[in-house]
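>>> this one's structure only:
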């Protein structure tokens with residue numbers, strides 16, 4: 001296969017979001033070669049964005065709006081129950097927010113170029129690639145300088161410092177998350193359109 005840049009593919013989860021289909025359906029489409037896909041050595045599936053656009057055209061599916069009407073919010077949390085609570089609470093606010101939940105930092109790193117979130121909310125303590133590494137990796141890349149980073153954690157400030165601290169300009173919030181504060185923060189961003 002030809003070399004593909006990170007802007008040309010995405011992971012299965014984001015492909016499902018773009019197509020409005022389940023992850024299982026996207027996997028089946030890839031197996032039937034209706035979507036151009038391949039697996040990395042680590043077993044993660046990559047799907048060509050051009051094949052997604054082609055599938056949308058051929059099957060009369062509406063293109064996912066890339067217009068700036070909605071604030072794009074990526075939430076990364078390995079605790080599935082917490083992820084569901086955060087997502088349902090945000091969805092209930094009635095604000096123009098497009099929430100993408102992910103349960104691993106690795107999946108977020110895979111899809112970050114395709115997602116182009118305005119705000120990233122991540123847990124810090126996760127198995128494998130943790131929130132510290134996710135934030136440091138993204139902050140080190142100028143392509144992601146416009147993303148607002150929010151770290152949610154149950155760690156105390158001494159524990160955060162012991163792990164190397166947070167990258168500059170990262171907002172830290174304690175768990176349990178004060179959802180009223182978060183709503184105010186996001187509403188202020190929407191009001192000033194600083195994304």
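All right, it came through fine. In this text the structure is predicted, and so the values were computed from the model without any measurement. Numbers count the residues shown, from 1 in each chain.
>>> What distance do you get for residue 90 to residue 99?
In this structure, residue 90 and residue 99 are separated by 5 Å, where distance is defined by C-beta to C-beta, to the nearest Å. Backbone N, C-alpha and C define where each C-beta goes, glycine included.
>>> Now do the strands in the protein.
For the chain, applying DSSP state E gives strands covering 9-11, 37-39, 45-48, 71-76, 97-102, 119-123, 148-153, 170-174.
>>> For this structure, which segments count as helices?
Along the chain, counting by DSSP state H, helices occupy 12-19, 23-31, 49-58, 80-91, 105-115, 131-139, 157-162, 179-192.
>>> how about these, which one is nearest residue 74?
Relative to residue 74, the nearest member of these by C-beta to C-beta is helix 105-115, separated by 5.8 Å.
>>> Give me the below-cutoff pLDDT ranges for this protein.
Along the chain, the model assigns pLDDT under 70 to residues 1-7, 62-69, 194-195.
>>> Spatially central, which residue of it would that be?
For the chain, the residue whose C-alpha lies nearest the mean C-alpha position (C-alpha atoms, centre = their mean) is residue 74; its distance is 3.7 Å.
>>> burial of the closest residue to it other than its chain neighbours, as a residue count?
Leaving out its chain neighbours, the residue that sits closest to residue 74 by C-beta to C-beta, 6 or more residues apart in numbering is residue 117, at 4.0 Å. Residue neighbour count, defined by other C-beta atoms under 10 Å, stands at 23 for residue 117.
>>> likewise residue 100?
When counting by other C-beta under 10 Å, one arrives at 18 neighbours for residue 100.
>>> Now do the contacts for it.
Residue 100 makes contact with 14, 17, 72, 73, 74, 75, 115, 117, according to C-beta atoms under 8 Å, 6 or more residues apart in numbering.
>>> Check the contact between the residue nearest to residue 74 and residue 149; I expect there is one.
No. Here residue 117 does not reach residue 149: they are 10.0 Å apart, not a contact under C-beta atoms under 8 Å.
>>> circling back: what's across from the residue nearest to the centre of the chain in the sheet?
Counting by DSSP bridges, residue 74 forms beta bridges with residue 100, residue 120.
>>> Hmm, it is touching residue 121, no?
Yes. Taking C-beta under 8 Å as the contact criterion, residue 74 and residue 121 are neighbours in contact, 7.2 Å apart.
>>> How about residue 83: what's its closest non-neighbour residue?
Using C-beta to C-beta, 6+ apart, the closest residue to residue 83 is residue 77 (4.3 Å).
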